[in-house]
Structure formats: structure tokens, C-alpha cells
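Student: Sharing a model prediction with you, sequence too.
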Amino acid sequence: MERRESLRRIGALIAAGVIAVAVAACGGSSGKGPVTLNWLVFPEPSGSFAKAASDCSAASHGAYKININFLSNASDQQRQTLVQRLAAGDSSIDILAMDVDWTAEFASAGWIRPWTGANRAAVSKGVLPGPLKTATYNGKLWAAPINSNTELLWYRKDLVKTPPKTWNQMINDAEQLAREGKPHYVEEQGAKYEGLVVWFNSLVNSAGGTLLGPNNTVTVGPSAKIAAQIMQRLANSPAADPGLNTSEEGPGNDVFDAGTAAFQINYPFVWSGAIAAYKTAPNSSVNPKNIGWAPFPEAVPGKAPRVSIGGYNLGVSSHSKHAQLAFQAIRCLIQPQNQIRDAVKGGLAPVLASIYNEPSFEKAYPFHQLIKNQLENYGIRPQTPDYQDVTLAIQDTLQPAADIDPKNIVNKLRNEIKTALKGESLL
């Protein structure tokens, strides 16, 4: 009920300006009946996307009707489905939701249309710099950011008085808790999947480096060694969960909710998950009152972290027979009232800076300024058409984390990425 009240209050504050913009963005009636626009997107469970599609269809005054086609829950399978259909020239796809890492690939393949002129201006205005960067490739805007994501440090306030500022401080704190026989694990994503790349790339960017530059230039350097040292230290420390090598976002959060971890690096869904878990089992799970949040820890003391952001961007298929209507529909789907609903109901971080300044937004998202700051001062995974090969090369090099050799990681990773970019890898 509190979230619904928050949504209503925010909606009332912006309704006057939003409705006029939404109707203009959604177009008018052609007099020939609505055109069906097929939107392929991940299965958002709260119903927020479905509500936005319905509202925008109504606001188009008969110009179009948005038909949602849900993809798999798994990101890899989502991409595979889209790649197969777009490569085959499937004209039934009008709007597609892309993980932020697919933009360069889809643009280079000619599967999505660039945003230009008034359309580009409309979907860029007021968008935080991190999300906007993920939708940009080679100087062109290829998609409209609809939501974003960034990992925070979550910790037990009943175990730790002050959240650690650096990774080494966090590991030290966890080791001290272990010596005292208290919950002490640091939950991270150590399984061989994209979460491992997010962990490593966030550390690399936070240490001041990158992995790839423009034109697929390999830029692996000393920052990769710093990142490797941190990962290898945690993996071989009592602070590490014994299940680190298979841990992903959900299972790691379950361990935290169960009370055996003191820290976790994870996304904002942690908060709503903790509240739900405590309501279900208040005697065996962590009281949300004891959960604190803080910025992603520094890899280098005194150097502000830059966390690899996630989220989804909306693109218009090059094969769509209704491209102009698709552009108009997307402009409606990303309107503020829809992003607010996506956040409050679905836990999807908004990309519009103005939403983070709404006082009533704080009740549902009490850590919203942390998220905004990390989306303004962001890290980003390599933007390359060959990302799928690059990410697999990184995963293969870094897993398991306990076996990383920091002394040789720079040369090894540089060679593995170069091999992947040449298409010579058997990954």
C-alpha cells in the first residue's frame, strides 16, 4: 500500500506535464484502425510494462496497439532469440528490448535503426549519462534507455558499525567477524557467467582502467592486476562464501537474507527481497532494519568507484514495417510516469535524472541518491560488436577466482581478448 501511495503522489506531481507530452509522442489516429506493434522484451513480472503498453496504446488514439511478446527469463536466451529472428529479416518485430551490452552488436549488424532529429532529442533529454552512453555507439544513438541498474554494497548494521570504504577494508572486516564466530561472508557473483565480468570490469574501471577502447583496441593494463588481486584475495579468504564459484545474484542474496553473510555486492532488488523474506520468516531471516547500504567499495583508496551499469534499451527493428510508429511508441513507453511505475512496482532503476529528485520517491527507494550518483559516475563494459566472444574470454580467464595469478593476468587477459576478437577462440 505504501508503494502504491508513493506512486500516486509522484504521479500527481508530474501528471500535468507528462500527459501532454505522452499524447504528443504517441501520435494520432490514421483513421484506418490501429497498427499492431510487436514489442519483444524480457518477462517483467510486476505488470508494469503491460500497463505502459496499454496506456500508450490508448494515448495513441487508434494509431497503434502495442502487443507484448515476452522472451526467456535468461539474458543469453533473449539475445539468441532476437539474433536469430533479426538475422532472418523477421519483419514482425517492431520494438525490441536489448540488454545494454547488445547495442553495439545489433547496430553493427544493421538490425536496429539509429535515432535522429526530434526523436533523438526526445529520448536523450534529461537521461543520466551512464544509461545514455550504453545506447550510443560510434557517435550515434541506437536505442532509448528505459531502465538501468547498478550494484551497491549491502551490509549488516548489527555486525558492522561503519560500512567499509574499500575492498580490502571489507575483506578485513569480514575476516575479523569470522574470528569472532559471527556471520561474515562477502557475497559476490563468482560463477562463470556475466556477473563475474561485471565484478571484474567494475574493479578495473574503479582502478582507473578499461579493457577495450575504440575500434576494438585492447587496453588491458595495470588496473586489471589490481582487480585480479582483490578477486584472488577474497576467493582465498575466510570472507568468501564456500559457494563463491557457483554464486549468482539471486543465490547470493538468499545467503544474505538467511543471516550467514555480513556483506554483499548486489542490485537494488536486495531491499524489496529482504522485506519479503522477513515477512515470510521473521525468526530466521535478517530484519530489514539491520540492513544498510553504501557505495560500491573503492578498488584504490581515495579513488571513486565506477560500477559497470546494467539495464535495458529499446530499439526499433530495421525490418519493421511501422518504424515511425515504433519510434513514437517508444517515446511514450519511456515517459516519466512509466519509469516511476517500473521502479516502484518492478524494481527497475529509472534513467531520467528528474525522477531521483522527487521527495516522495525516497520512501520506496531510500537509496535512490546512491543509485543516481553511480549512474552519473559510471563504469561500462566493453562496447564492441564482438562482446559475446569478449565476455566469454574474460570469464574463462578469471574463473575460478581463487586460481587467478595477478602477476600474469595482464598479459594473459590481453592475449585471450585479442584471440577472441580475431574469432580464433574455441569458447
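Tutor: Nice, I can see it.

Student: In this structure residue 376 contacts residue 128, no?
Tutor: Yes - assessed by C-beta atoms under 8 Å, residue 376 is found in contact with residue 128 at 5.8 Å. Every residue, glycine included, has its C-beta placed from N, CA and C.

Student: Quickly list what's touching both of those two.
Tutor: Jointly contacting residue 376 and residue 128 under the rule C-beta atoms under 8 Å, 6 or more residues apart in numbering are residue 353.

Student: Nearest residue to the residue nearest the centre of the chain in space, ignoring adjacent ones along the chain?
Tutor: Centre of the chain computed as the mean C-alpha position; nearest residue by C-alpha atoms, centre = their mean is residue 310, 2.0 Å away. Using C-beta to C-beta, 6 or more residues apart in numbering and skipping the chain neighbours, the partner closest in space to residue 310 is residue 149 (3.8 Å).

Student: Give me the neighbour count for that neighbour.
Tutor: Look at residue 149: counted by other C-beta atoms under 10 Å, it has 22 neighbours.

Student: Could you measure from it over to residue 366?
Tutor: Residue 149 sits 17 Å away from residue 366, going by C-beta to C-beta, to the nearest Å.

Student: who's in contact with residue 366?
Tutor: Neighbours of residue 366 in contact, by C-beta under 8 Å, 6+ apart: residue 271.

Student: Spell out the secondary structure type for it.
Tutor: Assigned by DSSP: H, G, I helix; E, B strand; the rest coil, the conformation of residue 366 is coil.

Student: any idea of the pLDDT on it?
Tutor: Listed pLDDT for residue 366 reads 93.

Student: Likewise for the one 3 residues further on?
Tutor: Looking at residue 369, its pLDDT reads 94.

Student: Find the helix or strand that it is a member of.
Tutor: Taking DSSP states H and E as the definition, residue 369 sits inside helix 368-376.

Student: Can I get that helix in CSV, CA atoms only?
Tutor: Provided in CSV are the C-alpha atoms of helix 368-376 (Å, rounded to 0.1, in the frame of the first residue of the first chain):
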residue,chain,number,x,y,z
HIS,A,368,18.0,6.4,-4.7
GLN,A,369,20.7,9.1,-4.5
LEU,A,370,23.4,6.4,-4.3
ILE,A,371,22.0,4.8,-7.5
LYS,A,372,21.8,8.2,-9.2
ASN,A,373,25.4,9.0,-8.3
GLN,A,374,26.7,5.7,-9.6
LEU,A,375,24.7,6.2,-12.9
GLU,A,376,26.3,9.6,-13.2
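
Student: thinking again about what came up before, residue 376 and residue 128: who's more crowded?
Tutor: Shown here are residue 376 and residue 128; by other C-beta under 10 Å, residue 128 has more neighbours (24 against 12).

Student: Just to check, that one is in contact with residue 147?
Tutor: No - Residue 128 is not in contact with residue 147 according to C-beta under 8 Å; the separation is 11.1 Å.

Student: Look up how far residue 391 lies from the closest residue to residue 236 other than its chain neighbours.
Tutor: Nearest non-adjacent residue to residue 236, counting by C-beta to C-beta, 6+ apart: residue 402, 5.3 Å away. According to C-beta to C-beta, residue 402 stands 21 Å off from residue 391.

Student: just residue 407 next, same as before
Tutor: 24 Å.

Student: between the two, which one's more packed in?
Tutor: More crowded of residue 407 and residue 391, by other C-beta under 10 Å: residue 391, with 23 against 11.

Student: Now name the helix or strand holding the more buried one.
Tutor: Assigned by DSSP H and E, residue 391 falls in helix 387-398.

Student: got it, and residue 66?
Tutor: Per DSSP H and E, residue 66 falls inside strand 64-70.

Student: partners of that strand, with directions?
Tutor: Taking DSSP bridges as the criterion, strand 64-70 sits next to strand 35-41 (parallel) in its sheet.
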